[in-house]
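Chemist: what follows is a predicted structure for the sequence shown.
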Amino acid sequence: MAKLGIFNYFKVSYDEWMHKVSWPSWSELQNSAIVVSIASLIIAIVVYLMDVAFSSILERFYGLF
């Protein structure tokens, strides 16, 4: 009985992938990749600036003691 369940799962999955999923076009994929790359770069710069700022603040704080 378990084999029938697995077979049915793959059959339903294949049907959904082929007939119900809308795949993006190549230009949409390229645009999305550019947006993700730019967002990742901005986030990386923000995290770097926060790291530098907190490092400087903590160095000054520990320098008081």
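Modeler: Thanks, I have the structure now. Just so we're clear, the structure is a prediction, and the values are computed from it rather than from any experiment.
Chemist: tell me which helix or strand comes right after the least confident helix or strand in the chain by mean pLDDT.
Modeler: Here the helix or strand of the chain ranked lowest by mean pLDDT, DSSP states H and E is helix 2-19, holding a mean of 86. Following helix 2-19 in sequence order, the next helix or strand is helix 26-63 (DSSP states H and E).
Chemist: distance from the chain centre to that following helix, please.
Modeler: Its chain's average C-alpha position is 14 Å from that of helix 26-63, according to Cα atoms, centre = their mean, to the nearest Å.
Chemist: and if you look at stretch 52-65?
Modeler: Stretch 52-65 sits 33 Å away from the centroid of its parent chain (Cα atoms, centre = their mean).
Chemist: and what of stretch 10-25?
Modeler: Computed by Cα atoms, centre = their mean, the chain-centroid distance of stretch 10-25 equals 22 Å.
Chemist: if we can go back for a sec, CA atoms only: put the least confident helix or strand of the chain into CSV for me.
Modeler: The C-alpha coordinates for helix 2-19 follow below in CSV (Å, rounded to 0.1, in the frame of the first residue of the first chain):
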residue,chain,number,x,y,z
ALA,A,2,2.9,2.4,0.7
LYS,A,3,4.2,1.9,-2.8
LEU,A,4,0.9,3.1,-4.2
GLY,A,5,1.1,6.2,-2.1
ILE,A,6,4.6,7.1,-3.3
PHE,A,7,3.6,6.4,-6.9
ASN,A,8,0.5,8.7,-6.5
TYR,A,9,2.7,11.4,-4.9
PHE,A,10,5.1,11.5,-7.8
LYS,A,11,2.2,11.4,-10.3
VAL,A,12,0.5,14.3,-8.7
SER,A,13,3.8,16.2,-8.3
TYR,A,14,4.6,15.7,-12.0
ASP,A,15,1.2,16.9,-13.0
GLU,A,16,1.4,20.0,-10.9
TRP,A,17,4.9,20.9,-12.2
MET,A,18,3.9,20.4,-15.9
HIS,A,19,0.4,21.9,-15.9
